[in-house]
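**Q** Here's my sequence, what's the structure:
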Amino acid sequence: MKQAFNFNAGPCVLPKEAVESTIAAIRDFDNTGIGLMEISHRTPGWERTMAETRQLWRELLNIPAEYEILFLGGGASTQFFTVPANLLKTKAAYLQTGVWAKKAAKEAKLFGKTEIVASSEDKTYTYIPKGYTIPTDADYFHITTNNTIYGTEIKYDMDCPIMLVADMSSDIMSRPVDVTKYGLIYGGAQKNVGPAGVTFVIVRKDILGNIGDRAYMNPLPTMVDYRTHAAEEDKNISMFNTPPVLPIFVMHETLTWVKNLGGVEAMNKINQKKSAMLYEEIDRNSMFRGTVECKEDRSIMNHCWVMAEGREDLQDAFMAFAKERGMVGIKGHRSVGGFRASLYNACPVEAVEALVQCMQDFEKAHK
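**A** Reported below is the predicted structural model:
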């Protein structure tokens, strides 16, 4: 079988160790003789797995006890309306840095006044807006830390005068995060922490206590209310309804892999190395050019580039060239074209080296 290098933007490449242990658990979970996809979520073995997964989150991101960790269904897109349903009382503020940030703001407008504080849509989201003022009369300020389609990223934990809410779907666990600077963090798992099918929410407990004090839709529908999914006082788990068992198990195994590598600090060093390697080649290679306007805004997760000026007619040729050499998932998003390589946590250095060599070989063949 020809070797394949997975650069898909999501679902993501997973650690081989997580895949193998999941296969074993599908056959027999926790030595019960029953497979993971058939096991009751009320068995002690599964309750332990849920508690361990939550504890791995706490350890890896140093999440204080003052925060609740929820595992939900519906994907990050469901959180686009769940966040304002729970938090928006008078006004929400949004930073618009890409398609997903724009969609999140659109959902918020259904629940109340929503202000777009700044946007980079004027230049096809090729930079992160700067110099804006966060309105202090808003209930929260929402950001999308990494933009998979355009390859930009907010790589620091900003100081915010109001509650900070972040969609970290595509860069969570790729770098250390000061969780205490956020009121709520959410995201889909299918980039760095597991397969599609489970959504994580990290929310400060005092926020849960204030959800009832709202002007709109009070009380909330049961499944939309974050309080429904908060852990029971005497347990480190919450299962109001049947959780997405398989994705959570893969998350458990993936986070265990991150921990064994040395945690998010070690992961970040590896990610920085991989990212620098690819960006250096994009900048050096006469066949290509990067698409992000400000290099300081370049994502370390999603790397976007196009053919250089005068070389546009070779786009299909490079795609075929790369495919023949086992590069999978490097076609750019349909809205921007070109190429994109997603170097998520489980993408090995060897894959990046192979992609760089592929780009160099293409240049030699067409220079």
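**Q** CA atoms for contacts and neighbours, from now on please.
**A** Noted.
**Q** Look up phi and psi at the nearest residue to residue 307 once chain neighbours are set aside.
**A** The spatially closest residue to residue 307, leaving aside those adjacent along the chain, is residue 288, at 4.4 Å (C-alpha to C-alpha, 6 or more residues apart in numbering). With angles defined as degrees, to the nearest 10, residue 288 sits at phi -130, psi 170.
**Q** residues touching residue 288, list them.
**A** Remark: with contacts taken as C-alpha atoms under 8 Å, 6 or more residues apart in numbering, residue 288 is in contact with 282, 305-308.
**Q** swap in residue 192?
**A** By C-alpha under 8 Å, 6+ apart, the residues touching residue 192 are 12, 14, 170-174, 344-346.
**Q** residue ranges of the strands in the protein, please?
**A** 5-6, 67-72, 91-96, 113-119, 140-144, 146-147, 152-153, 163-167, 184-188, 199-204, 288-290, 302-307, 327-328, 339-342 (DSSP state E).
**Q** so which of the ones you listed comes closest to residue 107?
**A** Between residue 107 and these, the tightest spacing by C-alpha to C-alpha is seen for strand 113-119, at 9.5 Å.
**Q** Show me what that closest one is in contact with.
**A** If you take C-alpha under 8 Å, 6+ apart as the criterion, strand 113-119 is touched by 90-97, 105, 108, 125, 129, 132-135.
**Q** Alpha carbons of that strand, as PDB, please.
**A** The C-alpha coordinates for strand 113-119 follow below in PDB (Å, rounded to 0.1, in the frame of the first residue of the first chain):
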ATOM      1  CA  LYS A 113     -28.100  43.200  19.700                       C
ATOM      2  CA  THR A 114     -24.800  42.000  18.200                       C
ATOM      3  CA  GLU A 115     -21.900  44.300  17.400                       C
ATOM      4  CA  ILE A 116     -19.100  43.400  15.000                       C
ATOM      5  CA  VAL A 117     -16.200  45.100  16.700                       C
ATOM      6  CA  ALA A 118     -13.800  44.600  13.800                       C
ATOM      7  CA  SER A 119     -13.600  42.500  10.600                       C
END
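**Q** Sheet partners, orientation included, of that strand?
**A** strand 91-96 (parallel) (DSSP bridges).
**Q** just to revisit the earlier point, adding distance to residue 60 and mean pLDDT, write the strands of the chain out as CSV.
**A** Output for the strands of the chain, formatted as CSV (distance: least, C-alpha to C-alpha, whole Å; pLDDT from 0 to 100):
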stretch, distance to residue 60, mean pLDDT
strand 5-6, 25, 97
strand 67-72, 13, 95
strand 91-96, 27, 98
strand 113-119, 32, 98
strand 140-144, 21, 98
strand 146-147, 19, 98
strand 152-153, 21, 98
strand 163-167, 18, 98
strand 184-188, 15, 98
strand 199-204, 13, 97
strand 288-290, 32, 97
strand 302-307, 22, 98
strand 327-328, 30, 98
strand 339-342, 22, 98
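**Q** I appreciate the help and will end here.
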